[in-house]
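1. sequence unknown, structure follows:
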């Protein structure tokens, strides 16, 4: 699942070679508010979840680790 | 971007230079390109930031006979410098300028930039075509109407080119030339304006063609045809009618609204759109005709209220008096437009800060906002908006007379804020109100949350209450206006310090931030809904 998340972010950033660490600030990597929305859409489609409003702020999901934790909470599955 | 008309060599290159990272919608070049092409003159178009454009290379590699520039306030010097560089590499190419700025400063340009050969005065299509045709055919320019042209050591102005009376005869603007942001496209339903507002340049260019009324409207059929033509190769599209007169100056604005509704309903187009409305034209009957357009995609109207001060409105030469503004607000409130609850939202313009602003004029505008609960939806920029001037804005003459221009000589005005305030406290007051806005981070409030709500409701079950969204917007709105009035009153009595503003907002700041975060999260969900349904225009 981590690989799926990485793939989503790389696809949205349109950069397959970018290196993404768990605590990297996605904004620094080039994710803006529009790309954030695209990442959310991709995550919802891929993992068949609806992300609650409290996570729909960029500051709540601005690292890979935060996204993983959110998905863990939502799905009960360790991503 | 270089757009070539076709594979064969073109005689004409049209250029639009952008700077400061600001993208420009080159609707004018789109029209010129189409007009020349339809009339048998192939041309290329190049637009973009000056650093990314290799115009010199394009000119060296192509045997253009004419290069034409659209001269704007914010590309003025770059364009003229480029004219000089082009002249260094080619003595034969004819350099032509057009658009409002070149009209106002035509003689200054011809005096100071010998590289410029011709300036189109007024509406461009016919004069530019005639200039190009004359140059291609090696004919003299003295028969071309509506131009300045250089002849040896002097220049000549020819008689005005009459305005194009029937706009339906114009080909649709080439949309490959026009910059577009996402799914948003700009349209002109008319040209000219009956308004003559002193801060607005929209009618100035046509004054070179005629001293008479310059307003001309396209037929509704012609506008819808353009939309259909465009939609033929595109999915969902948002259209912004850029003309100040799309409905306003019509002899029968209500009939025009009904006709638009009727034709759009017939075509069942997948669009959203917005347009400008004037306060003094708002009536119950007008709103009755406006509301059904919601079902065809109308999601917002724009009204230039400009001020809550009668004196300001006189200064701006607005047709609307304060009573007209108030009446318009009352009527659109009754129809649910004021808070967007009917599905059509209100955007509005204000100019609280201008060279003649005073405590009283700014206070009256703030009170107009507060008493009417007008929602600030443009990043709160409405409250801080400063008048922009140029050589083309009618008020510039008054500023020059009153000694309020920073450069009082006759050089072109390149900075839209190059004036001083008659009351020297205004600048500091503006800074304090801006400080407040930044401290509260109000620019984070999503501008289009109400429109997004109504659109999302069409495609999905939305679990939010529009009333709660509007109430939250109103709460922040009222808090900011009240705080601005506090700053203004304190400023008037004794200068307020920044730390006093911090103290004023310290109790409420966190709560405001919490509400804004909630609004952002809601808006993000609405955007996700729209994006999933391929209905997102503003991204």
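-> Looks like it arrived, so ask away. These numbers come from a predicted model, not from an experiment.

2. so what would you say the end-to-end distance of stretch A:57-70 is?
-> Stretch A:57-70 has an end-to-end distance of 12 Å (Cα to Cα, to the nearest Å).

3. correction: the previous question concerned stretch B:100-108.
-> End-to-end span of stretch B:100-108 (Cα to Cα): 14 Å.

4. which residues touch it?
-> With contact meaning Cβ atoms under 8 Å, 6 or more residues apart in numbering or on different chains, stretch B:100-108 is reached by B:71-73, B:76, B:109, B:119-122, B:148, B:155, B:157, B:201, B:204-205, B:208, B:390-392, B:410-412. C-beta here means a position set from N, CA and C on the backbone, and glycine is covered the same way.

5. ChimeraX command to pick out the buried ones of the residues you listed?
-> Paste this into ChimeraX to select the buried members of these, with burial taken from 16 or more other Cβ atoms under 10 Å in any protein chain shown:
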select /B:71,72,73,76,109,119,120,121,122,148,155,201,204,205,208,390,391,392,412
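
6. the contacts of stretch B:100-108 in strands, which ones?
-> B:119-120, B:148, B:155, B:157 (DSSP state E).

7. tell me which residue lies nearest the centroid of chain A.
-> The residue lying closest to the centre of chain A (Cα atoms, centre = their mean) is residue A:67, at 4.9 Å.

8. what's the local residue count around the nearest residue to it once chain neighbours are set aside?
-> In space, and not counting its chain neighbours, residue A:67 is closest to residue A:61: 5.2 Å by Cβ to Cβ, 6 or more residues apart in numbering or on different chains. Other residues lying near residue A:61 total 23 when counted by other Cβ atoms under 10 Å in any protein chain shown.

9. can you give me phi and psi for residue A:61?
-> Backbone torsions of residue A:61, given as degrees, to the nearest 10, read phi -130, psi 40.

10. state the helix or strand in which residue B:324 lies.
-> Using DSSP states H and E, residue B:324 falls within helix B:322-334.

11. after that helix comes which helix or strand?
-> strand B:345-350.

12. which strands or helices does the next helix or strand after that next one pack on?
-> Toward the C-terminal end, the helix or strand that comes next after strand B:345-350 (DSSP H and E) is helix B:359-372. If contacts are counted by 3 or more Cβ pairs under 8 Å, 6 or more residues apart in numbering or on different chains; DSSP states H and E, helix B:359-372 sits against helix B:310-315, helix B:322-334, helix B:425-440, helix B:466-493.

13. so for helix B:359-372, mean pLDDT?
-> Mean per-residue pLDDT for helix B:359-372: 97.

14. and stretch A:49-57, how far apart are its ends?
-> First-to-last residue span, stretch A:49-57, Cα to Cα: 17 Å.

15. what comes into contact with it?
-> A:40, A:43-44, A:60-61, A:70-71, A:74-75, B:517-518, B:520-522, B:524-525.

16. quick one on the thing from earlier: distance from the chain centre to the helix holding residue B:324, please.
-> 24 Å (Cα atoms, centre = their mean, to the nearest Å).

17. where in chain A is pLDDT low?
-> A:78-79 (pLDDT under 70).

18. those residues of it touching chain B, which are they?
-> By Cβ under 8 Å from any Cβ of the partner chain, the residues of chain A that approach chain B are A:34, A:36-38, A:40-41, A:44, A:53-54, A:56-57.

19. let me have those in a markdown table, extended by secondary structure.
-> Listed next are the residues of chain A next to chain B as a markdown table, based on DSSP: H, G, I helix; E, B strand; the rest coil:
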| residue | secondary structure |
| --- | --- |
| A:34 | helix |
| A:36 | helix |
| A:37 | helix |
| A:38 | helix |
| A:40 | helix |
| A:41 | helix |
| A:44 | helix |
| A:53 | helix |
| A:54 | helix |
| A:56 | coil |
| A:57 | coil |
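
20. can you flag the buried ones in these?
-> A:36-38, A:40-41, A:53, A:56-57.

21. want to throw these into CSV with distance to residue A:29?
-> What follows is those, written out as CSV (distance: Cβ to Cβ, whole Å):
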residue, distance to residue A:29
A:36, 11
A:37, 16
A:38, 14
A:40, 16
A:41, 18
A:53, 24
A:56, 19
A:57, 18
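
22. determine which two of those residues are furthest apart.
-> In those, two members sit farther apart than any others by Cβ to Cβ. They are A:38 and A:53, at 18.0 Å.

23. shaky segments in chain B?
-> Residue ranges of chain B with pLDDT under 70: B:1-7, B:21-22, B:179-182, B:233-234, B:245-251, B:408, B:538-539.

24. got the residues of it near chain A?
-> B:517-518, B:520-522, B:524-525, B:527-528, B:531-532, B:539.

25. at 6 Å instead, please
-> Counting by Cβ under 6 Å from any Cβ of the partner chain, the positions of chain B adjacent to chain A are B:517, B:520-521, B:524-525, B:527-528, B:539.

26. most neighbours of all these, which one?
-> Of these, residue B:527 is surrounded by the most neighbours, 26 neighbours in total, counting by other Cβ under 10 Å.

27. excluding chain neighbours, what is closest to it?
-> Using Cβ to Cβ, 6+ apart, the nearest residue to residue B:527 is residue A:37, at 5.5 Å.

28. that neighbour reaches residue B:529, doesn't it?
-> No - here residue A:37 does not reach residue B:529: they are 10.6 Å apart, not a contact under Cβ atoms under 6 Å.

29. if we can go back for a sec, among the residues of chain A next to chain B, which two are most distant?
-> A:34 and A:54 (20.8 Å).

30. touching stretch B:400-419 from outside, list them.
-> Stretch B:400-419 is touched from outside by B:76, B:105, B:355, B:386, B:388-391, B:399, B:420, with contacts defined as Cβ atoms under 6 Å, 6 or more residues apart in numbering or on different chains.

31. buried ones in stretch A:13-29?
-> A:13, A:20, A:24, A:26, A:29.

32. before we move on, the earlier item: and the residue nearest to the centre of chain A, what element?
-> Using DSSP H and E, residue A:67 sits within helix A:64-75.

33. what of residue B:235?
-> Mapping residue B:235 onto the secondary structure by DSSP H and E places it in no helix or strand at all.

34. next, count neighbours for it.
-> Residues near residue B:235, counting by other Cβ under 10 Å, number 9.

35. and if you look at the one 5 residues further on?
-> Other residues near residue B:240 come to 17 when the count uses other Cβ under 10 Å.

36. reduced to three states, what does residue B:399 come out as?
-> Residue B:399 - assigned by three-state DSSP - is helix.

37. list the contacts for it?
-> Residue B:399 neighbours (Cβ under 6 Å, 6+ apart): B:355, B:405, B:419.

38. how about residue B:50?
-> Residues near residue B:50 by Cβ under 6 Å, 6+ apart: B:17, B:19, B:78.

39. counting neighbours, which of these comes out on top?
-> Top of the contacts of residue B:50 by neighbour number is residue B:17, holding 22 neighbours under the definition other Cβ under 10 Å.

40. ok, that residue - contacts?
-> By Cβ under 6 Å, 6+ apart, residue B:17 lies in contact with B:50, B:75, B:78-79.

41. residues in contact with the residue of the stretch 201-350 of chain B found nearest chain A?
-> Nearest residue of the stretch 201-350 of chain B to chain A, counting by Cβ to the nearest Cβ: residue B:238, 15.5 Å away. Counting by Cβ under 6 Å, 6+ apart, residue B:238 touches B:183-184, B:272, B:537.

42. same deal with residue B:191?
-> Per Cβ under 6 Å, 6+ apart, neighbours of residue B:191: residue B:216.

43. and residue B:200, how many neighbours?
-> Residues lying near residue B:200 (other Cβ under 10 Å) number 20.

44. distance-wise, check it relative to residue B:507.
-> According to Cβ to Cβ, to the nearest Å, residue B:200 and residue B:507 sit 42 Å apart.
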